[in-house]
Each structure stands twice: as C-alpha cells, then as structure tokens.
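Novice: Mind looking at a prediction? Sequence and model below.
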Amino acid sequence: MSCGALGRKPRAGEVLHITRAASVQFVRPFMFRVIRTLDDMLTYDGWLWIEGYQLAPSGDAVARRSLYVMPAGLVWMRTVDPRPRQAARQSVSRGSVRPSSS
C-alpha cells in the first residue's frame, strides 16, 4: 500500500492538513492531529483509516474523528512540540542544612 507522499503512514502526534486530495468527502480543508492509524480495519488498496482530533484554527481539538483517507493525498504539517517549555532555573546559593556544632 502507498503511504503518502513521504512513503510512510501518519504517526501519533503528527498534524495533517486534510483536503479533498485525501478523499472527496472533505469539501472544506481542516487540520487533524493523529492519535493512531487503525491498521486492523480492512481497506481498499491505497486507503487507510486514521483516528485523531480535528483542530480549530487556534490549534485546539474540537472533535474526535476516524477518517478514511488516501495517504497519497495527505499533507504533513510542520509541528511545534506541544509541551510547554520551562524557563531555565537559576541556581540559588543555600547555606548548610546541618546545625553548626558548638
């Protein structure tokens, strides 16, 4: 089976731009974050089931969906790590925690 322009199936966490090229049912394009591919479901050659979240323009998930698509029509989007980054902590000089011997 063909697995998209990049020769692979979508992986969890990847963001795809779903358009009519993926399936004629998608009249309006939308962004989609992949949860998993449904490899155990039977499909026609060149087609694939994927499960994930439809994304709003803000990037927030608005609906969980299972899509039947042609991987050759999928467009992989460049993604940013969804985890917030913490600012580097500055070390603090601390005194001894042991009581001084007298």
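Specialist: Happy to help now that I have it. As the structure is a prediction and not an experimental result, all values here were calculated from the model.
Novice: going forward, measure contacts between C-alpha atoms and count neighbours the same way
Specialist: OK.
Novice: can you tell me the helix or strand for the nearest residue to residue 34 once chain neighbours are set aside?
Specialist: Nearest residue to residue 34 in three dimensions, chain neighbours excluded: residue 52, at 4.4 Å (CA to CA, 6 or more residues apart in numbering). Applying DSSP states H and E as the criterion places residue 52 in strand 48-55.
Novice: do residue 26 as well
Specialist: Going by DSSP H and E, residue 26 is not in any helix or strand.
Novice: Wait, it touches residue 19, no?
Specialist: Yes: counting by CA atoms under 8 Å, residue 26 does reach residue 19; the two are 5.8 Å apart.
Novice: Would you mind telling me which of these two has more residues around it?
Specialist: residue 19 (19 against 14; other CA atoms under 10 Å).
Novice: What are the buried residues along stretch 29-48?
Specialist: 31, 32, 33, 34, 35, 36, 37, 47, 48 (16 or more other CA atoms under 10 Å).
Novice: for stretch 13-29, same thing?
Specialist: Quick answer for stretch 13-29 (16+ other CA under 10 Å): 14, 15, 16, 17, 18, 19, 21, 22, 23.
Novice: so for it, what's the average pLDDT?
Specialist: Mean pLDDT, stretch 13-29: 96.
Novice: Which of the buried residues of stretch 13-29 sits closest to residue 62?
Specialist: Distances from residue 62 to the buried residues of stretch 13-29, taken as CA to CA, are shortest for residue 15 (14.1 Å).
Novice: where in this protein is pLDDT low?
Specialist: Under the criterion pLDDT under 70, the flagged ranges of the chain are 1-7, 79-102.
Novice: mind listing the strands in it by residue range?
Specialist: 15-18, 30-37, 48-55, 61-69, 75-76 (DSSP state E).
Novice: and these as CSV, adding distance to residue 9?
Specialist: Formatted as CSV, the strands of the chain follow (distance: least, CA to CA, whole Å):
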stretch, distance to residue 9
strand 15-18, 11
strand 30-37, 8
strand 48-55, 9
strand 61-69, 11
strand 75-76, 10
